[in-house]
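**Q** dropping the sequence and predicted coords here.
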Amino acid sequence: MTARRPTPRRRSRARKRKQAYTGGEVLLGVVVIGWLAAGLLQWLTDHPWVLPLVLLTAGAGAFLRFRLRVRGKDRRRLQMNSLRYPMTRLDQLHHRQFEHAIRDLMLRDGCPDAVQVGGAGDNGADVKATDPFGRRWVIQCKHRRAGLDGAAVGTPDLHVLNGTGRPVHKGDVIVLVTNGRFTKPATDFAKSQRLHLVDRHTLAAWAGGSRPLWELLRAVPPPSSPSGVT
C-alpha cells in the first residue's frame, strides 16, 4: 500500500506556518538588538568618558601598528642594502636557491620588481628586473657545484637565451651568470650578439661588494629615458 501524499491545501498551510515562524524569529531578533542598542546608548550616556577612551586606545593601536610596519620595512631595507654573498656560500646553494640569490642582489641594487621566474617553461629566463634607469634585465643562471672546476657554460645555453631574451622577454640587458666559467666559443658568441656574461670573478665582485651589476659590466645599454629614471 502506498503512503498518502499531503494535499496541496495542507502543504500551503504548512508553508504559511513556517513563514510565520521565520518572521517571528526575525522580529524577535530586531527587538533584542534594539533593546541592546538602547541599553548601550544609555550606558554610554551615563559614562561619557568611555567613548573618548575607546577612540584614543584605537588610535594609539593604529599608530603603533603603523610604526611597527615602518620599522619593519626600514629593517628589511637595511638588511637588503648590506646583503653580501661569499662565493663559498653561493657554491653550496641549490640551483633554485642560486636564482633567488641573484634576484636578491638585483633587489639590493635598487630593482624593486626583481623576481625569480626560473622553472619549467621559463623560456631561458630565471630572473627578471627593471633597474633604476628603466632598463629591463633578463638573467639566466647556471650554477656549478664545483665552481671553476665544474663544466664550462657553452654556446647552447646562450643560443636559448639569445633567442628569447629580447623577442620574448622584451629585455634591454640580456645576461647569463654563473659561479663557474665560460668556454671561448661562448664568450665570442656573447660578444657578437650583445649578450653579457657574468663569470665567477665578476660574480664575486658583485655579490661580495656594494656596486650594482651595471657598473661592473661593459657596454650596458644607456638608460631608457633621458633623465635616467622612468
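**A** Looks like it came in fine. Numbering: from 1, shown residues only.
**Q** and residue 37, how many neighbours?
**A** By the measure other C-beta atoms under 10 Å, the count of residues near residue 37 is 10. Yep, even glycine has a C-beta here, placed from its N, CA and C like the rest.
**Q** tell me the pLDDT at it?
**A** At residue 37, the pLDDT value in this model is 85.
**Q** likewise for the one 3 residues further on?
**A** If you check residue 40, the pLDDT there is 82.
**Q** number of residues surrounding it?
**A** 10.
**Q** for residue 139, same thing?
**A** By other C-beta under 10 Å, neighbour count at residue 139 equals 31.
**Q** can you classify residue 141 as helix, strand or coil?
**A** strand (DSSP: H, G, I helix; E, B strand; the rest coil).
**Q** list phi and psi for residue 154.
**A** phi -110, psi -170 (degrees, to the nearest 10).
**Q** shouldn't it be in contact with residue 186?
**A** Yes. Counting by C-beta atoms under 8 Å, residue 186 is a contact partner of residue 154 at 5.2 Å.
**Q** list the contacts for the residue nearest the centre of the chain?
**A** Residue closest to the average C-alpha location in the chain (C-alpha atoms, centre = their mean): residue 115, at 6.8 Å. Each residue near residue 115 by C-beta atoms under 8 Å, 6 or more residues apart in numbering is listed here: 103, 127, 128, 129.
**Q** and if we set it to 7 Å?
**A** The contact partners of residue 115, taken as C-beta atoms under 7 Å, 6 or more residues apart in numbering, are 103, 128.
**Q** which SSE is immediately downstream of the helix or strand of the chain with the lowest mean pLDDT?
**A** The helix or strand of the chain with the poorest confidence is helix 50-81; it has a mean of 66 (mean pLDDT, DSSP states H and E). Toward the C-terminus, helix 50-81 is succeeded by helix 87-92 as the next helix or strand (DSSP states H and E).
**Q** C-alpha coordinates for that next one, PDB please?
**A** C-alpha atoms of helix 87-92 as PDB (Å, rounded to 0.1, in the frame of the first residue of the first chain):
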ATOM      1  CA  MET A  87      81.500  32.600  -3.200                       C
ATOM      2  CA  THR A  88      81.800  29.700  -0.800                       C
ATOM      3  CA  ARG A  89      78.100  30.300   0.200                       C
ATOM      4  CA  LEU A  90      77.000  30.600  -3.400                       C
ATOM      5  CA  ASP A  91      78.700  27.400  -4.400                       C
ATOM      6  CA  GLN A  92      76.800  25.500  -1.700                       C
END
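**Q** touching it from outside, list them.
**A** Outside helix 87-92, the residues that reach it (C-beta under 7 Å, 6+ apart) are 98, 101, 145, 147, 179, 200, 204, 207.
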